[in-house]
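**Student:** Predicted coordinates and the sequence they were generated for:
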Amino acid sequence: MSAEIVHLDDRLKAERQDFDRIPIVDLSALRSGEDHAEAVSGLRWALANVGFLYVKGHGVSDALVERTFEAARQLFALPDEEKMAIHISKSGEALRGYTEFGGENTNPGITRDLKENFDVGLTYPGLTGPFQGENQWPALPGFRETTEAYLQAMLDTAVLFLEGVALSLDLDRDFFKPKMTQPMMIQRMIHYPSQAGQIDESSIGIGAHTDYGLLTVLAQDNVGGLQVLNRKMQWVEAPPIPGTFVINISDLMQRLTNDTYLANLHRVVNVSGRQRYSLPCFVDCNADAVIEPLPQCIDGDHPSAYGPISAGQNKLNRYAASFAHLN
Ligand SMILES: O=C(O)CCC(=O)C(=O)O
Ligand SMILES: [Fe+2]
């Protein structure tokens, strides 16, 4: 995509490239200030054609990721009453805490999610409204410190990645900065038991969905089970790759780019015979940031497909559809 308006002759138009494999982009040049042209063009291709990619060279230590997985395993191993004591419904508008099996269904009406999850977010003193407020913590030594360190590492990773995204759209590298002075960042931990027997869409780990917000940075353990829908409408596997995160575009980025960058459907099916744990971090803008299609993503062939919406309202609409306790 270029800031200059280009009108291709019909004979020069091509279908978006398909994918049956998810690309890996190295972010280290963006971090170090070296020539980052290759990283930026890799991002542009991946986001326009796939919507999902792996990133390496992100600068987050394996040890921190491993400690956070260990914290998640300890949390989900607690007795139900300890987990229910920090249930998400007790956090009011903050919508943070524990969600039991069946408490959130991402593809409601089709799939009952076979997962339990726990959410924490960034907290801004004095800021009120949906998604704002305090976290609830389990009584596990070191849990809070580890999780807060991980959330900060995810914020750093997201900021770096968004600089690359801005460059890939021929925007100023700091384009997202003013929209992210108090970002709604949710760090989630998920536990998926393994399934056996007759399995259909009525119950899988997480039903087919696109994510909420700008993007998601996901660490998965070594179990596997994440699947992504490609342009041929085939589900492809996104297997774990050590040392990487999976990053996927969410609905707000699709809106901002007027569908140039796409939010893919994805789901989890765990039939490994092992418990699966994952750590998705949902990255969003300030609640009051208004998102509408970028002028350079609109032309005669691609008229504006979306009106303006605040990031907070967008997120709230999606939560209301998925969380049983909000209905
Ligand atoms: O657990 C995973 O690998 C994916 C989780 C996910 O898609 C989500 O929580 O939105
Ligand atoms: Fe997701």
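**Tutor:** Cool, the structure landed. Residues are numbered from 1 along each chain as shown. Ligands and ions are numbered 1, 2, ... in the order given.
**Student:** going forward, measure contacts and count neighbours with C-alpha atoms only.
**Tutor:** Will do.
**Student:** what are the ranges of the strands in the stretch 151-300 of the chain?
**Tutor:** Counting by DSSP state E, counting those that start in this stretch, residue ranges of the strands within the stretch 151-300 of the chain are 185-192, 203-204, 206-209, 215-220, 226-229, 235-237, 245-249, 266-268, 276-283, 290-291.
**Student:** per-stretch mean pLDDT over those strands, give me the minimum one.
**Tutor:** Mean pLDDT per stretch puts strand 235-237 lowest among the strands of the stretch 151-300 of the chain, at a mean of 87.
**Student:** Tell me the secondary structure at residue 117.
**Tutor:** strand (DSSP: H, G, I helix; E, B strand; the rest coil).
**Student:** how much space between it and ligand 1?
**Tutor:** From residue 117 over to ligand 1 the distance is 9 Å, taken as CA to the nearest ligand atom, to the nearest Å.
**Student:** could you redo the strands of the stretch 151-300 of the chain as TSV and give each row mean neighbour count and distance to ligand 1?
**Tutor:** Output for the strands of the stretch 151-300 of the chain, formatted as TSV (neighbours: other CA atoms under 10 Å; distance: least, CA to the nearest ligand atom, whole Å):
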stretch	mean neighbour count	distance to ligand 1
strand 185-192	24	6
strand 203-204	20	11
strand 206-209	21	7
strand 215-220	24	6
strand 226-229	20	5
strand 235-237	17	11
strand 245-249	24	9
strand 266-268	22	6
strand 276-283	24	5
strand 290-291	18	21
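**Student:** Please dump those into TSV; it should also carry distance to residue 165 for every row.
**Tutor:** Listed next are these as TSV, based on distance: least, CA to CA, whole Å:
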stretch	distance to residue 165
strand 185-192	18
strand 203-204	32
strand 206-209	22
strand 215-220	11
strand 226-229	21
strand 235-237	24
strand 245-249	10
strand 266-268	21
strand 276-283	14
strand 290-291	15
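**Student:** among these, which is nearest residue 175?
**Tutor:** strand 290-291 (12.4 Å; CA to CA).
**Student:** Tell me the helices and strands packed up against that closest one.
**Tutor:** On a contact count with 3 or more CA pairs under 8 Å, 6 or more residues apart in numbering; DSSP states H and E, strand 290-291 meets helix 251-256, strand 309-310.
**Student:** who in the protein is up against ligand 1?
**Tutor:** By the rule CA under 6 Å from any ligand atom, the part of the chain lying against ligand 1 is 211, 220, 226, 267, 278, 280.
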